[in-house]
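Engineer: Output the structure for:
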Amino acid sequence: MRDNSAIESGLRPLEPLWRLRLRNTARRTREQWRLFARTRVGLIGLGVIAIFGLMAVAHPLLMRYVWDVSTYHPVIGFGFEETSHPAPPSGRHLLGTDPVGRDILSMLMFSARAEFTLGLVAAVVTVVIGTGVGALSAYFGGWVDTILMRVADIVIMMPTIALLVVLGSLWNLSFLTLALVIGGLSGFGATAVIIKSQALTIVVKPYIEASRGAGAGHLHVIMVHIVPNLLPIAFLYMMFTVTAAIFSEAVLSFFGILNVRMSWGIMIHTAQSGGYLLSGLDFWWLLFPAGLSITLLSGSFYLVGRALDQLVNPRLRSR
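Structural biologist: Residues are numbered from 1 along each chain as shown. Prediction:
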C-alpha cells in the first residue's frame, strides 16, 4: 500500500530497501571502476585477459563451423597437407604444427579455456577458505585462532611445487583436482593469515559490539558484518591465486605428471620430448606461443591484482 500521509503532506513515499541497496551498490561500483581505470597496468592486464577469453570462446565455434576436425582437433588432429612435421607457419596453419602434426593455434586456443577454468576454480576455493579461516580466527580468537594459524604456518612452510609433484606422482591429478589442491593450499596458507590481519581491524569496530548487544548470533555477525568487509582484499588475492595456478599447471604438465589431454605445459613438453627445446629460433613456433601465453596470462592477472591493491589499500590510492 502507498503511504497516503506522505502523499497528502507532499513528501515522496519511501523507496523499498532493496532499491536503495541496489542504487548504493551501483554507485560504489562506478566509483571503484573509475579508480581502477586510472591504473594503466590494470587496464592492460584486463585487455590481455579479454583477448585470451575471446580465444577460449572462439575455439569451439571454429571447430564446429570453420575448421575440419580431423585436421585441427587439438589432441588427435593431423596436418595431412604437410609433407613433414613440425611444419612452420603457413596460410593453413597460422602458427605451424607440432612434431605430431597438430595445429599449434588450435592447441593454444583450446588450452586457454582449460587455463581459465583451472585459475577461476582455484581462485574461488581460495576466497571461500581464506575468508572463512581468517574471519573465524579473528572473531573467536583463543584456541580456534591457535589451531587455524598453526595449520596456516605448516601450509606456508611446505614447498608448493614439490608438494604438487609428489601428489601428482601418487594420484592422477586432473584440472579440477589440481584447482582444488592449489585453492586449498592458498586458502589455508598465506591468504588466511593476511585476511585474518584485516579481520582483526573489523572485529573491534563499534557496530560489531552493537550487533552483539542487539542479540545477534555469531553466524550473523560473521556473515553479515565481517565477511562482506573482507571480500575486497579476498578478491585481490584471488587474482594472485590464478597466476599461481596457471604456473603450477605448466610445471606439472611439462614434467608429464598431470592427467590432462592438452595444455600449454603439454605443448612445451611435446617440444622437449622431440628434442626441440634447445633448438633456438629454428623451431620457435613450438615454444614461443605456449611460453608467451603462460607468461602473458599469468602476468595479466598479476597486473589486475596490483590495480585492485590500490582500491583496497588507501595509502596506495592517495599517491
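
Engineer: Give me the pLDDT value at Phe78.
Structural biologist: Phe78 carries a pLDDT score of 87 in this model.

Engineer: now swap in Gly291 and tell me
Structural biologist: 91.

Engineer: so how far is Met63 from it?
Structural biologist: 24 Å (C-beta to C-beta, to the nearest Å). Yep, even glycine has a C-beta here, placed from its N, CA and C like the rest.

Engineer: Please apply the same query to Pro206.
Structural biologist: From Pro206 to Met63 the distance is 58 Å (C-beta to C-beta).

Engineer: again with Phe188
Structural biologist: Counting by C-beta to C-beta - Phe188 and Met63 are separated by 39 Å.

Engineer: now Val155
Structural biologist: Applying C-beta to C-beta to Val155 and Met63 gives a distance of 40 Å.

Engineer: got it, and Asn24?
Structural biologist: 44 Å.

Engineer: Between the two, which is the more surrounded one?
Structural biologist: Each of Asn24 and Met63 has its neighbours counted (other C-beta atoms under 10 Å); Met63 has more, 18 against 10.

Engineer: Identify the residues contacting the more buried one.
Structural biologist: By C-beta atoms under 8 Å, 6 or more residues apart in numbering, the contact set of Met63 is 69, 72-73, 106.

Engineer: Run through the helices of the stretch 51-200 of the chain in chain order.
Structural biologist: Taking DSSP state H, counting those that start in this stretch as the test, the helices found in the stretch 51-200 of the chain are 69-72, 104-140, 142-157, 160-170, 175-188, 190-200.

Engineer: Of all those, which one is nearest Thr243?
Structural biologist: For Thr243, the closest of these is helix 104-140, at 7.8 Å, according to C-beta to C-beta.

Engineer: quick revisit: worst mean pLDDT among the helices of the stretch 51-200 of the chain?
Structural biologist: Across the helices of the stretch 51-200 of the chain, the lowest-scoring stretch is helix 160-170, with a mean of 85.

Engineer: how about stretch 248-255: buried residues?
Structural biologist: 248-254 (16 or more other C-beta atoms under 10 Å).

Engineer: hmm, I was thinking of stretch 202-221
Structural biologist: Buried, per 16+ other C-beta under 10 Å, within stretch 202-221: 202-203, 208, 211, 221.

Engineer: what's the model's confidence in that stretch, averaged?
Structural biologist: Stretch 202-221 comes out at a mean pLDDT of 81.

Engineer: who touches that stretch?
Structural biologist: By C-beta under 8 Å, 6+ apart, stretch 202-221 touches 138-140, 224-226, 229-230.

Engineer: Out of those residues, grab the one that's most surrounded.
Structural biologist: Ala138 leads the contacts of stretch 202-221 on contacts (other C-beta under 10 Å) with 24 neighbours.

Engineer: so what's the residue lying closest to that residue once chain neighbours are set aside up against?
Structural biologist: Distances taken as C-beta to C-beta, 6 or more residues apart in numbering put Ala199 closest to Ala138, at 3.4 Å, once the chain neighbours are dropped. Residues near Ala199 by C-beta under 8 Å, 6+ apart: 134-135, 137-139, 226, 230.

Engineer: what about 6 Å?
Structural biologist: If you count contacts by C-beta atoms under 6 Å, 6 or more residues apart in numbering, Ala199 has them with 134-135, 138, 230.

Engineer: Ala138 too?
Structural biologist: Contacts of Ala138 by C-beta under 6 Å, 6+ apart are 196, 199-200, 203.
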